[in-house]
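Trainee: Have a look; sequence and predicted model below, questions after that.
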Amino acid sequence: MLDIKFICDNPELVKENIKRKFKDSKLPLVDEVIALYTEKCAANTKANDLRANRNKVSKQIGMLMGQGKREEAEEMKRLVNEQAAELKALEEKEAELSKKVLEIQMKIPNIVDESVPVGRDDSENVEVEQFGEKTVPEFEIPYHTDIMAAFEGIDKEAAGKVAGEGFYYLMGDIARLHSAVLSYARDFMIDKGFTYCIPPFMIRSNVVTGVMSFEEMDAMMYKIEGEDLYLIGTSEHSMIGKFIDTITPEEKLPLTLTSYSPCFRKEKGAHGIEERGIYRIHQFEKQEMIVICKPEESMDWFHKMWSYSVELFRSLNIPVRTLECCTGDLADLKVKSYDVEAWSPKQQKYFEVCSCSNLGDAQARRLGIKVKGEDGKKYLAHTLNNTVVAPPRMLIAFLENNLNFDGEKYSISIPEALRPYMGGKTVIESK
């Protein structure tokens, strides 16, 4: 969310940023919010004048009463009462205008970094770098749920009866792999100096609107009926919310945390080969990383964070690439974002497994996350987040890239990094 004074001082810059994001329908919001803020300031000025006059007249009334000039004092009291009604109306108007200004502020996109490529949508995202050789096995790789079924590791039919589409049961070695990946990711981030955290899995509406745009909220979040609570779509939501209305001494930055949680998403409009199976589901588990830091350090942390994901995936024999999201593919709060995509030998293409984002001070402004500098002055922190791993999507990449076939049975190689979490196994075999 942009500062209202910044919008008023830089309306053309804000409009140009909206155009770069190809969201021209939001252009009228800039002039609208400036007009409302100007009206609100005028109401505030007039209300302050009335308050000052009330204080002045109150002193005069006291003096007149002390001098025995009762009639004059009563006349001034009448004027004060009339102004009190006007003041109340102005205060109500100011509150209403403040609400409208905030609502529009939250719809105006954040200023994207100058380095972000201009593009309309994800089809115009730009590849940054590839890591690892793309494998092309000599045997045909089954669809990922068929791989799991060969190990008696999945039951979607039973899950459909219990919860409907978009759910699954994982079992046996596949379920163990799922948990092993999460445990490895947890320890991987702890070794990077991040503090492990298990957050609340539900958050209040003020936190929801503090961490994401209204469009994202409607597309993703499940509301708890009858309560001011939402199921989290990622632990980033409750982790950033942890610092709502806080002031952190500068010397304690950066705050680096890695969190585990289940995630719940509507996933509307899913379709295509990647959308079947367990690629897009309503419930999954995830290891996340977040950083809260000084503004001048946020880009350094951005590059560290996506590189951690690359390092982790390569340690599990999964080729990946980084893809920079263009302006039109950035959510409104984001300044810059990279997707880490894993190679799919089955589809012979990459697919998204991690998303690393720098949100500048947008979330901090909405949630009141401040830093106290050495000089005692307060300023807004910068917030960043990135997926460490999100099985089962990450599990799809793992299975496809570590699958073997001897002509009769399938097996899955267990990379060295994962063996301590799989009871020392180097391979698991199909049933």
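Mentor: Cool, got the structure.
Trainee: pretty sure residue 333 is touching residue 361, no?
Mentor: No: assessed by C-beta atoms under 8 Å, residue 333 is found out of contact with residue 361, at 10.1 Å. The C-beta positions use only the backbone N, C-alpha and C, and glycine is treated the same way.
Trainee: Now do the helices in the stretch 101-250 of the chain.
Mentor: For the stretch 101-250 of the chain, applying DSSP state H, counting those that start in this stretch gives helices covering 144-150, 156-162, 172-191, 205-211, 214-220, 235-241.
Trainee: Isn't residue 236 up against residue 390?
Mentor: No: in this structure, residue 236 is not within contact of residue 390 by C-beta under 8 Å, at 11.6 Å.
Trainee: more neighbours, those two?
Mentor: For the pair residue 236 and residue 390, the greater number of neighbours falls to residue 236 (29 against 22), based on other C-beta atoms under 10 Å.
Trainee: In contact with the more buried one, which residues?
Mentor: Residue 236 sits next to 211, 259, 288, 290, 385 when contact means C-beta atoms under 8 Å, 6 or more residues apart in numbering.
Trainee: so of those, which ones are in helices?
Mentor: Those of the contacts of residue 236 mapping onto helices are residue 211, per DSSP state H.
Trainee: So of the contacts of residue 236, which two are at opposite extremes in space?
Mentor: Greatest spatial distance in the contacts of residue 236: 211 and 259, 13.4 Å, computed using C-beta to C-beta.
Trainee: Quickly list what the nearest residue to residue 247 once chain neighbours are set aside is bridged to.
Mentor: Among residues not flanking residue 247 along the chain, residue 370 sits closest, at 4.7 Å (C-beta to C-beta, 6 or more residues apart in numbering). Beta-bridge pairing for residue 370 (DSSP bridges): residue 247, residue 380.
Trainee: Span of stretch 319-336 from start to end?
Mentor: 23 Å (C-alpha to C-alpha, to the nearest Å).
Trainee: try stretch 259-279
Mentor: For stretch 259-279, the end-to-end distance is 22 Å (C-alpha to C-alpha).
Trainee: How about stretch 228-237?
Mentor: 15 Å.
Trainee: that older thread, please identify which of the contacts of residue 236 is nearest to residue 415.
Mentor: The closest of the contacts of residue 236, once distances to residue 415 are taken by C-beta to C-beta, is residue 288, at 22.1 Å.
Trainee: The residue lying farthest from the centre of the chain: what secondary structure?
Mentor: Largest separation from the mean C-alpha position in the chain: residue 68, at 66.7 Å (C-alpha atoms, centre = their mean). Three-state call for residue 68 (DSSP: H, G, I helix; E, B strand; the rest coil): coil.
Trainee: from now on call the first residue 49
Mentor: That works, and once the first residue is 49, the last one we named lands at residue 116.
Trainee: Check the gap between it and residue 195 for me.
Mentor: 98 Å (C-beta to C-beta, to the nearest Å).
Trainee: What of residue 65?
Mentor: Look at residue 65 and residue 195: by C-beta to C-beta, they are 45 Å apart.
Trainee: And those two? Which one has more around it.
Mentor: Higher neighbour count among residue 65 and residue 195: residue 195, with 23 against 20, using other C-beta under 10 Å.
Trainee: Tell me where the stretch 299-448 of the chain is predicted with low confidence.
Mentor: Applying pLDDT under 70 to the stretch 299-448 of the chain picks out residues 316-324.
Trainee: Please, where are all the helices along it?
Mentor: Under DSSP H, counting those that start in this stretch, the stretch 299-448 of the chain gives helices at 346-362, 410-415, 441-449.
Trainee: List the buried residues of the first one.
Mentor: Of the residues in helix 346-362, 346-347, 349-350, 352-358, 360-361 count as buried by neighbour count, 16 or more other C-beta atoms under 10 Å.
Trainee: on that earlier part again, now go through the contacts of residue 284 and say which are in strands.
Mentor: Assignment to strands by DSSP state E places the following of these there: 307, 336, 338, 433.
Trainee: which ones are touching the third one?
Mentor: Looking back up the chat, that one is residue 338. So residue 338 contacts 284, 287, 288, 304, 305, 306, 307, 431, 432, 433, 434 (C-beta under 8 Å, 6+ apart).
Trainee: For stretch 269-280, which outside residues touch it?
Mentor: Identification of contacts with stretch 269-280 by C-beta under 8 Å, 6+ apart yields 247-253, 256, 281, 286, 309, 311-314.
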